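Peer 1: let's see this in three dimensions:
(one chain, ligands or ions: 3)
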Amino acid sequence: MLSSANSTLAKPSVPLRSLEIRLHGRGGQGGVTCAKIIAAVYAGLGKSVQTFGDYSGERSGAPVRAYTRVSDSPIENRNKIYLPDHLLVLDPTLLSDEVLAGLAPGGTLLVNTPEPPEKLAGRFEAQRLATVDATAIARRHKIGARSVVIVNTTIAGAFARALDLPLAALEEAYRHLGLLSNFPAAREAYEKVSIRPPLKEGVAAKAPTSLPVLPTVMPLVDHVESPPTALRTGNWRTETPAYVENLAPCSVFCPAGNDVVGFIQALATKGEAAAAEVLGRTTPLAAVCGRVCPAPCMEGCNRAELDGSVNIRGIERWISGKHPIAAREPKACAQPKRLAVVGGGPAGLSAAYTAAKLGHRVTLFEGERALGGVLRTGIPVYRLPRAALDQEVGDVVRLGVEVKSGQFLDRARVAQLPREYEAVVLATGLQKLRGLDGPGQALAGVEQGIHFLHRVNLDGQVKLSGHVVVLGGGNTAMDCARSALRAGASKVTVAYRRGRAEMPAIPEEVVQAEEEGVELVFLVAPLGFSGSGRVESVELAEVELGPPDDSGRRAPRVSDRKRSLRCDGVLLALGQSADLSLLPEGWKLQDGRVLENGRPLPVFAAGDLSTGDGTVTHAIGDGRRAATRALRLFDESVAEFVRPDRAKAVPATDIRFDHFAKSAPAHGRHLPAAARARSFDEVDAGLSEGLEAHRCFSCGHCTSCDTCLVYCPEGIVRRAGAGYDIDYSMCKGCGICVTECPREAMEMRAL
Ligand code: SF4
Ligand code: SF4
Ligand code: SF4
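Peer 2: Ligands and ions are numbered 1, 2, ... in the order given. Okay, the predicted model is just below:
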């Protein structure tokens, strides 16, 4: 198989032991690239190949030769080709005895000419003769300039046809070499080439298994008795190429620590079950993240620089819809520990999952009746249908997690936990809600957005009317605004104190809110509320933006210009913070661990209680981190989850974009805005297929694409099992394989 990523092209059986092909062209016609295309076709069919040019500083128009060797076994012959099985001539004016020398009887001669083969008859009666007007075809397809047509990518199609190579293999090679835009011309040449069999009686087509007889190579030193078959040039080098695995930015940017390139490549090459297994190593909540994660992985995706990030979140959701994610069985554990996890939100579920799948006994405490935390109480069902949430929560519990729900723990109960359990993870989330320091907060109709979402999500049947103003610019504000519309508000306005660019909400959520009719007002800060008994207006001050503050966003500066916004209800979404009052007397949080009067307890904080990062995905990663830290108290072989260093990820500048054909990202299927704005039905039905995985470059991870094998001018890269071997005795250290690797999966190492 041959492609920039792995392809699914079936390999037809092409009988062959050894084949030698020589090309003649002129400088500027691209004969060397043509030889590479032919080599790439054979490499894609599973053959060993070698290809190189025979030129140095030739000027445009000077005769140039290029060679391609193909074999079923590794190629060690490094000579030029003197007795070609087949010959390709890109320019008919080159036809001469010297050019034609050595062509075997029964071999194929393909010439770029408008003449039919019969016109060249006489001299080539013992050969198969093929002609094609590659120049005219290339000109029609506008390949090259009007004055200088470049025929190489066109005539390669005719040559493939003359050698009976399948068109699909040819197309795959063009895809692999980033030449797909020239493929239509190659296909036309494939279809139009005229082929005339040998005319001489008794000349059979050249047997593809015949080996050429090599001319004697003179020994380098006198005492070498027999001609060497290969010159060992390995001692020329100062560096050696090596296969490596580098960090892909998507994986580095994922706060949950998902092996993003791993699950995408598993989907592309092995299918949903394999991809789910990779995801399940790090998260039990892929259906959740595939719907509600802000997807920082997509911000980091190198494909953004070419034609748009890979839709990683969509792929994650696709996999979760096809196959359960969480591990099915806990691992056998010789000495299971008792772990208490307080809080059944994303951080607590992730901590419980991490410990339970390693075979430990986990008790999960949750104040609400059902597990899920903010996923259940805060995120509206039109973004996260409860069936998807229930499935993944259930999968965690089915690993043997004991659930104690329906009662919030107080400080006294929390203080007891380290005496009953060998380790404790506290994952109570952001319980403290920010209010407004201004008049009118107690008026009827002014409500915390989180309380409103809780009522909508758990109680249902919440009815609003009139104009609702939402204060804030984060995801809670968007959830409140869109839920308020669905709950019956006739108009919803979101008032935010900074600009659109500074909004912390997921940009797609903002766009969708606007599509549904939510109005956004920027650069206004709330001062208070007016009304008699019930809120009638929000008092706002106009804001100007100053230099960036600690958050990196431009800081709002409140002016003395004021205005009133009439309304019938207000939802506050001004931010939340961790409620540390749950920590018993003498307990203190330090770097995610609890100290009691300075002494470390086996108690760890997870998620928003610890980091305050505020996204579901951060909570999942931090829950895993807290659980691994807790388990390391008993078993040092458990690796603590640590987010990798972003600076070490493969940058887009190291990806060879010319190896990849452009293709637009696949998007989810959204309900029309008018249909969804008044309904709690799920807005996004997700991707319609998993093909988006094939857009992934596989940054830093080898896909066995054969590019290094095809481009090595020495022909010393060979397939070995799932990977490759380099014959270092022949490697000159030119580094072409490393330069050509499309995805930074090779590097040169100093000797
Ligand atoms: S959890 Fe979020 S950041 Fe991680 S892979 Fe999924 S969508 Fe990307
Ligand atoms: S192209 Fe693939 S491997 Fe590279 S960053 Fe994007 S998703 Fe990750
Ligand atoms: S190391 Fe070779 S086979 Fe692997 S991705 Fe790079 S060029 Fe392709």
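Peer 1: alpha carbons only for contacts and neighbour counts from here, please
Peer 2: Noted.
Peer 1: Lys588: what's it in contact with?
Peer 2: Taking Cα atoms under 8 Å, 6 or more residues apart in numbering, we find Lys588 in contact with Val594, Leu595, Glu596, Asn597, Gly598.
Peer 1: got the residues of this structure near ligand 1?
Peer 2: 254-256, 258, 260, 289-290, 293, 295-297, 312-313, 617 (Cα under 6 Å from any ligand atom).
Peer 1: isn't Leu180 right up against Ala661?
Peer 2: Yes: using Cα atoms under 8 Å, Leu180 is in contact with Ala661, at 6.8 Å.
Peer 1: if we ignore the residues flanking it in sequence, what's nearest whatever residue of the stretch 101-250 of the chain ends up closest to ligand 1?
Peer 2: Residue nearest to ligand 1 within the stretch 101-250 of the chain (Cα to the nearest ligand atom): Cys250, separated by 7.1 Å. What sits nearest to Cys250 in space, not counting adjacent residues and going by Cα to Cα, 6 or more residues apart in numbering, is Cys297, at 4.3 Å.
Peer 1: for Asp681, same thing?
Peer 2: Tyr382 (5.1 Å).
Peer 1: that older thread, next one: the residue nearest to Cys250 from Arg303, what distance?
Peer 2: Distance of Cys297 to Arg303, given as Cα to Cα, to the nearest Å: 11 Å.
Peer 1: and Phe124, by the same measure?
Peer 2: 51 Å.
Peer 1: now Gly598
Peer 2: Between Gly598 and Arg303 the computed distance is 48 Å (Cα to Cα).
Peer 1: likewise for Trp236?
Peer 2: To Arg303, Trp236 is 37 Å away according to Cα to Cα.
Peer 1: which bits of the stretch 301-450 of the chain sit near ligand 2?
Peer 2: Cys301, Asn302, Arg303, Val310.
Peer 1: what pLDDT does the second one get?
Peer 2: Read it as Asn302. Asn302 is assigned 98 on the pLDDT scale.
Peer 1: residues contacting it?
Peer 2: Counting by Cα under 8 Å, 6+ apart, Asn302 has contacts Pro249, Ser309, Pro651, Ala652, Ile655, Cys699.
Peer 1: dump the residues you listed into JSON lines; add pLDDT as well.
Peer 2: Formatted as JSON lines, the contacts of Asn302 follow (pLDDT from 0 to 100):
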{"residue": "Pro249", "pLDDT": "98"}
{"residue": "Ser309", "pLDDT": "98"}
{"residue": "Pro651", "pLDDT": "97"}
{"residue": "Ala652", "pLDDT": "97"}
{"residue": "Ile655", "pLDDT": "96"}
{"residue": "Cys699", "pLDDT": "98"}
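Peer 1: can you tell me which of the residues you listed are buried?
Peer 2: Buried members of those, counted by 16 or more other Cα atoms under 10 Å: Pro249, Ser309, Pro651, Ala652, Ile655, Cys699.
Peer 1: against ligand 3, how distant is whatever residue of the stretch 201-350 of the chain ends up closest to ligand 2?
Peer 2: Nearest to ligand 2 in the stretch 201-350 of the chain, going by Cα to the nearest ligand atom, is Cys301, at a distance of 3.5 Å. Here the distance between Cys301 and ligand 3 works out to 17 Å (Cα to the nearest ligand atom, to the nearest Å).
Peer 1: correct me if wrong: that residue contacts Cys250.
Peer 2: Yes: counting by Cα under 8 Å, Cys301 touches Cys250, with 5.3 Å between them.
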